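**Q** no sequence on this one, just coordinates:
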C-alpha cells in the first residue's frame, strides 16, 4: 500500500508530462504547417506580367509581406498554444524572398536554384505543466521553412 | 510471510497457537489482496490515461495534417467542391479517422484570386478510463490558404 501511495504521485506526474509533451508535439506540428503554408502561398503569388511575357516563374514583389501575413493568420488559429500575439510573432519572424536564382541564403548558407521564399521564426509555446514541474513554462519552437515554384 | 510453514512442529503441538498462526496467515493474505486491489484501482486508470490520451493526440496530429492538405487543395479549387470533400475523406480514412464522424467547414465556400479560404475540421474522440470516467474529447483543426483560381 505504501508503495502504491508513493508511486501514484510519481505516475501522475509522468502522466501530466506525457500529456504536455503530446500537446507540445501538436503545437510544433501546427507551427511547422503554418510556416509551410505561408511560404507556399507566397510562392504561388507569381508575377503574372512576367509569367505572361517570358514564361518565367518570378516571385511577386510583395511575396515577403504575403508570407508574413499568412504566417500570422495560420498562427492565429493556434493562439491558445502561443505565448504571445500571433501578429507579433510573425512580425518578429525573419522572412526573406530570393527572386532570382541561383542565390544563397545569408542565414542558413543554403543555395537556392529557383526563386525562393524562406521563413525562420522562433515561436514561443506555453507549456504550463513543464513549468509546474520546475522546467520551462514557455518552450520556444524554432521553425525554418522554404518554398520554391516549379 | 510465505516462508513460515503454518504447521506446528511435532512434539511441541499446541492447538491454540496453531490456530492463531493460521488465522494470522489468512489475515495477511487478505491484506495482500486489499493492497493489490488498491494498487490496481490507482495504477490501471493512470496507465489507461496515458494510452487513451496518447492515442487522442496522435489522432489530432493526423487530423491537423489532413486539414492542412485540404486547405491547400481548397485554394487550388477556389473554395468548397465535391473533389475537396472526396480528397479530405480519403486523407482522413488513410489516417484511420472515419470521415462520417467528422464535420467539415469551408469558409467562404467560393473564393476568388488571392482571397483567403479557411478549412475547419472537427471530430470527437471517445476516451474511456476504467474506474474513472468515459467522455469524448473534441478535436478541432483549421488551416488557411489562398484562392488560386482567377475567375
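**A** Alright, I've got the coordinates. As the structure is a computational prediction, the values presented were derived from the model and not from experiment.
**Q** For chain A, give me its nearest residue in chain B.
**A** Here the residue of chain B nearest chain A is residue B:57; by CB to the nearest CB that distance is 3.7 Å. Yep, even glycine has a C-beta here, placed from its N, CA and C like the rest.
**Q** Test for you: state the pLDDT assigned to that residue.
**A** With respect to pLDDT, residue B:57 has a value of 93.
**Q** How about the contacts made by it?
**A** Contacts here follow CB atoms under 8 Å, 6 or more residues apart in numbering or on different chains; on that basis residue B:57 touches A:19, A:22-23, A:25-26.
**Q** Can you narrow those down to the ones near chain B?
**A** Here is what survives when the contacts of residue B:57 are matched to chain B using CB under 8 Å from any CB of the partner chain: A:19, A:22-23, A:25-26.
**Q** Now tell me which helix or strand of chain A has the poorest mean pLDDT.
**A** Sorting the helices and strands of chain A by mean pLDDT, DSSP states H and E puts helix A:48-54 at the bottom, at a mean of 73.
**Q** Now find how far off-centre that one is within its chain.
**A** The chain centre lies 31 Å from the centre of helix A:48-54; the measure is CA atoms, centre = their mean, to the nearest Å.
**Q** Check whether the helix or strand just after it comes near chain B.
**A** Moving toward the C-terminus from helix A:48-54, the next helix or strand (DSSP states H and E) is helix A:63-76. Yes: using CB under 8 Å from any CB, we find that helix A:63-76 touches chain B at A:66, A:70, A:73-74.
**Q** Adding neighbour count and pLDDT, write these out as CSV.
**A** Output for the residues of helix A:63-76 next to chain B, formatted as CSV (neighbours: other CB atoms under 10 Å in any protein chain shown; pLDDT from 0 to 100):
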residue, neighbour count, pLDDT
A:66, 23, 94
A:70, 25, 95
A:73, 22, 96
A:74, 26, 96
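**Q** Which two among these are spaced furthest apart?
**A** Within the residues of helix A:63-76 next to chain B, two members stand farthest from each other by CB to CB: A:66 and A:74, at 12.4 Å.
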